[in-house]
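Asks: Any chance you could fold what I've pasted below:
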Amino acid sequence: QVQLVESGGGLVQAGGSLRLSCAASGRTISSYCMGWFRQAPGKEREFVAAMSWSAGTSYYADAVKGRFTISRDNAKNMVYLQMNSLKPEDTAVYYCAASGELVATRTVYYDYWGQGTQVTVSS
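Replies: Down below sits the predicted model:
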């Protein structure tokens with residue numbers, strides 16, 4: 001079992017930046033693909049970014065490409081999402097997740113989920 005706890009969310013003006021953190025416990029994340037997803041009110045949970053267990057491969061949703069950066073520190077059991085140039089449409093609850101796949105962009109492939117952290121971007 002892997003427990004995931006997100007932090008770093010908050011209220012920010014458009015154009016601003018936030019850094020989300022995801023602390024893992026229970027098991028090392030070094031063998032998991034780690035991903036970030038988000039869910040806005042009334043919408044389905046959507047893929048944001050993912051990084052393979054070796055940190056050699058990362059993927060991003062088109063909507064965040066060039067603005068968001070996923071990173072991980074396996075030694076600290078931490079995953080991060082640096083979000084720059086934030087837009088009001090980035091407003092959502094952001095979730096950290098772990099997958100046993102090499103890399104995955106669909107929620108169905110993720111086995112463990114955090115409780116989420118709210119990000120609100122004002123215009």
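
Asks: Run through the residues that contact residue 84.
Replies: Residues near residue 84 by CB atoms under 8 Å, 6 or more residues apart in numbering: 17, 67-69. Quick note: C-beta positions are derived from backbone N, CA and C, even for glycine.

Asks: Pick out the residue closest to the middle of the chain.
Replies: Centroid-nearest residue in the chain, with CA atoms, centre = their mean: residue 36, separated by 2.2 Å.

Asks: Surely it and residue 70 touch.
Replies: Yes: Residue 36 sits in contact with residue 70 when judged by CB atoms under 8 Å, with a separation of 6.3 Å.

Asks: Overlap in contacts, these two.
Replies: Counting by CB under 8 Å, 6+ apart, the residues touching both residue 36 and residue 70 are 49-50, 79, 81.

Asks: How many residues are close by residue 44?
Replies: Number of residues near residue 44 (other CB atoms under 10 Å) recorded here: 8.

Asks: re earlier: if you rank the shared contacts of residue 36 and residue 70 by neighbours, which is first?
Replies: For the shared contacts of residue 36 and residue 70, the largest number of neighbours (other CB under 10 Å) sits with residue 79, at 29 neighbours.

Asks: residues near the nearest residue to residue 16 once chain neighbours are set aside, how many?
Replies: Counting by CB to CB, 6 or more residues apart in numbering, residue 86 is the residue found nearest to residue 16 once chain neighbours are left out, at 5.4 Å. The tally of other residues near residue 86 (other CB under 10 Å) stands at 22.

Asks: SS state for residue 86?
Replies: Following DSSP: H, G, I helix; E, B strand; the rest coil, the label given to residue 86 is coil.

Asks: What distance do you get for it to residue 57?
Replies: 25 Å (CB to CB, to the nearest Å).

Asks: swap in residue 8?
Replies: Residue 8 sits 24 Å away from residue 57, going by CB to CB.
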